[in-house]
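Visitor: need a 3D model of the following:
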Amino acid sequence: MQDRAVKDLGPTIGKPWLPRALDALGLSRPELRAWAMYDWANSAMVCTIITAVFPIYYSKVACAGLEPSVASRQLAIATTIGMVIIAVLSPILGAFADYTARKKKLLAVFLALGVASVAGMYFIHTGDWVLASVLFILANIGANGSFVFYDALLPHIARDDEIDRVSTSGYALGYLGGGLLLALNLAWYLKPTWFGLPGGPNLSEPQATLPMRLAFLSVAIWWLVFSIPLFRRVPEPKAVLALDELRGESPIRAVLARLAETSRELRRYRQGFLMLLAFLIYNDGIGTIIRMATIYGTEMGIDQGAMIKAILLVQFVGIPFSFLFGMLAGKIGAKRSILLGLAAYTGICIVGYFMRTEEDFLILAILVGMVQGGTQALSRSLFASLIPRDKSGEYFGFFAVVEKFAGIFGPLLFAVINTLSGSSRGAILGVIGFFAVGGLLLWMVDVDEGRRQARAGETSVPAKIVHCSGDDLIQ
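Guide: Predicted structure coming up:
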């Protein structure tokens with residue numbers, strides 16, 4: 001093990017500060033750095049396509065001639081369709097990936113779907129809302145499907161004592177990568193002539209839309225290129241199967257049977273199940289703040305330019321604080337660090353209630369950037385430590401379902417309070433309830449006991465376990 005560590009850090013010999021820095025960040029080995037780079041790769045899609053540029057393009061170009069409320073509704077419907085499809089498929093695909101040892105291959109399939117869909121957005125022109133909706137649905141399925149297998153690789157490459165730092169470092173790199181490309185995309189849009197693109201009045205439709213369409217193409221290229229290290233450096237985990245699963249049974253039937261078994265098992269791993277329930281509730285609050293922030297800012301009269309600056313600010317503030325959360329987890333544990341983040345979110349809701357000016361909105365963005373990445377990254381790594389590693393794909397399939405549906409009740413509460421009171425200010429305070437209840441459930445999780453049960457579950461039937469590659473199972 002020591003020889004391997006020296007070999008991995010061979011290029012850094014002579015620079016003693018670099019190995020220490022990489023170790024502190026949880027990125028001391030090539031496979032860890034390669035895994036974290038996928039966050040850098042896919043965050044460009046999340047920032048430019050989901051958050052900032054595509055929604056504007058969808059409303060102003062693809063849905064040109066329609067009422068803004070209709071465009072918003074159609075985008076919401078497209079988002080919901082994509083999320084529901086991947087939520088239904090995630091557990092099945094996760095079980096299939098575990099059974100066939102094909103996590104990386106399935107990740108590649110969904111990556112290809114997402115990249116092709118985002119690249120196809122280059123061809124969206126005025127009035128093409130049907131094409132735009134279909135491509136947006138497929139891009140969401142591609143991205144979120146890849147996350148299932150990406151997250152499931154984490155417990156296979158990171159030790160228990162480094163998993164929190166690796167996860168938070170991935171989020172930090174995601175903030176940096178997504179923020180850099182988003183800044184470039186916005187520069188193309190706001191100052192096209194600086195980059196040799198058409199600008200000024202009297203442009204044709206293809207000329208006027210070119211900067212945004214090039215932004216979509218840049219996301220596809222960025223996402224694909226920076227995914228390569230994961231496929232080159234991260235090893236495919238081998239399947240760990242009971243012998244009775246190999247007695248001529250078809251993979252599909254075996255996967256469905258295994259999925260049913262995992263559903264029952266999840267309740268047996270009480271700490272992991274409790275963590276999943278806590279995550280469902282408090283992540284609903286986090287998701288509500290992410291989704292409703294710009295709408296709330298618009299309602300409060302905040303300038304659109306200030307809100308775009310705030311989106312970028314969240315990305316770059318999130319970089320150091322994601323790293324810091326990983327280091328903090330090493331000192332006080334992931335659970336306590338998440339609870340600290342939830343307490344901060346409670347304060348954010350209170351600040352949001354009293355928000356009046358653009359400066360207030362920027363302060364709110366800074367506060368969100370400080371806790372958003374660290375809280376979500378540690379949730380991922382904590383759950384990974386509470387489940388059996390040989391079934392990580394299946395369990396992260398369930399995690400993906402919870403993650404997709406954690407976002408229904410918060411916006412619903414937001415809408416109800418808004419309707420009853422005529423303002424969203426009261427709804428902001430109502431979100432605190434999600435952090436309180438979710439935090440209480442998380443406080444009840446016995447991390448040490450959960451990890452002991454998870455590790456014991458990996459070796460409970462050693463005499464009947466065999467290792468095989470995916471090619472041994474699918475002919």
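
Visitor: residue 200 looks like it's in a helix, true?
Guide: No. The assignment for residue 200 is coil, going by DSSP: H, G, I helix; E, B strand; the rest coil, so no helix is present there.

Visitor: how about it: what's its closest non-neighbour residue?
Guide: residue 193 (7.3 Å; Cβ to Cβ, 6 or more residues apart in numbering). Glycine gets a C-beta too; all of them are placed from N, C-alpha and C.

Visitor: is it true that that neighbour touches residue 210?
Guide: No. With contacts counted by Cβ atoms under 8 Å, residue 193 stays clear of residue 210, the gap being 11.8 Å.

Visitor: pick out whichever of these two has more residues nearby.
Guide: A side-by-side neighbour count of residue 193 and residue 210, using other Cβ atoms under 10 Å, places residue 210 first with 18 against 9.

Visitor: am I right that that one is in a strand?
Guide: No. In this structure, residue 210 is helix, not part of a strand, as judged by three-state DSSP.

Visitor: contacts only, for it.
Guide: Residues near residue 210 by Cβ atoms under 8 Å, 6 or more residues apart in numbering: 192, 197-198.

Visitor: ok, 6 Å please
Guide: Contacts for residue 210 were tallied using Cβ atoms under 6 Å, 6 or more residues apart in numbering; they are residue 197.

Visitor: how about residue 28?
Guide: The contact partners of residue 28, taken as Cβ under 6 Å, 6+ apart, are residue 22.

Visitor: could you confirm it falls within a strand?
Guide: No. Counting by three-state DSSP, one finds residue 28 to be coil, located in no strand.

Visitor: so residue 193: helix, strand or coil?
Guide: helix.

Visitor: how much space between it and residue 203?
Guide: Distance of residue 193 to residue 203, given as Cβ to Cβ, to the nearest Å: 11 Å.

Visitor: low pLDDT regions in the stretch 51-200 of the chain?
Guide: Across the stretch 51-200 of the chain, the stretches falling below the confidence threshold (pLDDT under 70) are 69, 72.

Visitor: does anything pack onto the longest helix seen in the chain? Which helices or strands?
Guide: Using DSSP state H to assign secondary structure, the helix with the most residues in the chain is helix 68-100. Helix 68-100 is packed against helix 129-157, helix 251-268, helix 392-405, with contacts defined by 3 or more Cβ pairs under 6 Å, 6 or more residues apart in numbering; DSSP states H and E.

Visitor: how does it look with 10 Å?
Guide: Contact partners of helix 68-100 among helices and strands, from 3 or more Cβ pairs under 10 Å, 6 or more residues apart in numbering; DSSP states H and E: helix 53-57, helix 103-120, helix 129-157, strand 239-242, helix 251-268, helix 270-299, helix 392-405, helix 470-473.

Visitor: next, the buried residues of the first one.
Guide: Residues of helix 53-57 classed as buried by neighbour count (16 or more other Cβ atoms under 10 Å): 53-55, 57.

Visitor: in the protein, which residue is closest to the centre?
Guide: Closest to where the C-alpha atoms of the chain average out (Cα atoms, centre = their mean) is residue 147, at 6.7 Å.

Visitor: from residue 383, how far out is that one?
Guide: According to Cβ to Cβ, residue 147 stands 13 Å off from residue 383.

Visitor: and what of residue 182?
Guide: From residue 182 over to residue 383 the distance is 28 Å, taken as Cβ to Cβ.

Visitor: contact partners for residue 313?
Guide: Residues in contact with residue 313, defined by Cβ atoms under 10 Å, 6 or more residues apart in numbering, are 179, 361-366, 368-369.

Visitor: buried residues in the helix or strand where it lies?
Guide: Element membership of residue 313 [criterion: DSSP states H and E] is helix 304-332. Neighbour-count burial for helix 304-332 flags 307-315, 317-319, 321-323, 325-330 (criterion: 16+ other Cβ under 10 Å).

Visitor: beyond that helix, next helix or strand please.
Guide: For helix 304-332, the succeeding helix or strand toward the C-terminus, using DSSP H and E, is helix 334-353.

Visitor: so residue 108 makes contact with residue 234?
Guide: No. The pair residue 108 / residue 234 is not scored as a contact, 11.8 Å apart, by Cβ atoms under 10 Å.

Visitor: the two: which has the busier surroundings?
Guide: Neighbour tally, residue 108 and residue 234, criterion other Cβ under 10 Å: the higher count belongs to residue 234, 24 against 16.

Visitor: what sits against the more buried one?
Guide: Under the criterion of Cβ under 10 Å, 6+ apart, the neighbours of residue 234 are 30-35, 37-38, 103-104, 107, 150, 153-154, 156-157.

Visitor: residues near the closest residue in space to residue 107 that isn't next to it in sequence, how many?
Guide: With Cβ to Cβ, 6+ apart as the measure, residue 149 is the residue that lies nearest to residue 107, at 3.9 Å, once sequence neighbours are left out. Residue 149 is flanked by 28 other residues according to other Cβ under 10 Å.

Visitor: is it true that residue 149 touches residue 227?
Guide: No. When contacts are counted by Cβ under 10 Å, residue 149 is not listed as touching residue 227 (11.8 Å).

Visitor: what about the spatially closest residue to residue 225 that is not a sequence neighbour, helix or strand, and which?
Guide: Nearest-residue entry for residue 225: residue 41, 7.5 Å, with adjacent residues in sequence omitted and distances by Cβ to Cβ, 6+ apart. Residue 41 is part of helix 30-44, with elements assigned from DSSP H and E.

Visitor: from the chain's centroid, how far away is that helix?
Guide: Counting by Cα atoms, centre = their mean, to the nearest Å, helix 30-44 is centred 12 Å from the centre of its parent chain.

Visitor: quick one: average pLDDT of that helix?
Guide: For helix 30-44, the mean pLDDT works out to 93.

Visitor: buried sites along that helix?
Guide: Of the residues in helix 30-44, those scored as buried under the neighbour-count criterion (16+ other Cβ under 10 Å) are 30-44.

Visitor: among these, which one lies nearest to residue 350?
Guide: Nearest to residue 350 among the buried residues of helix 30-44, counting by Cβ to Cβ, is residue 43 at 28.8 Å.

Visitor: shouldn't that closest one be in contact with residue 147?
Guide: No. Taking Cβ under 10 Å as the definition, residue 43 is not a contact partner of residue 147, at 11.2 Å.

Visitor: let me see the domain layout of the protein.
Guide: The chain breaks down by automatic domain parsing into domains covering 32-267, 270-386+408-444.

Visitor: I'd like these as TSV, with distance to residue 395 appended.
Guide: TSV is the format used below for these (distance: least, Cβ to Cβ, whole Å):
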stretch	distance to residue 395
domain 32-267	7
domain 270-386+408-444	7
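
Visitor: looking at those domains, which is nearest to residue 396?
Guide: Evaluated over the domains of the chain, closeness to residue 396 peaks at domain 32-267, with 4.3 Å, by Cβ to Cβ.
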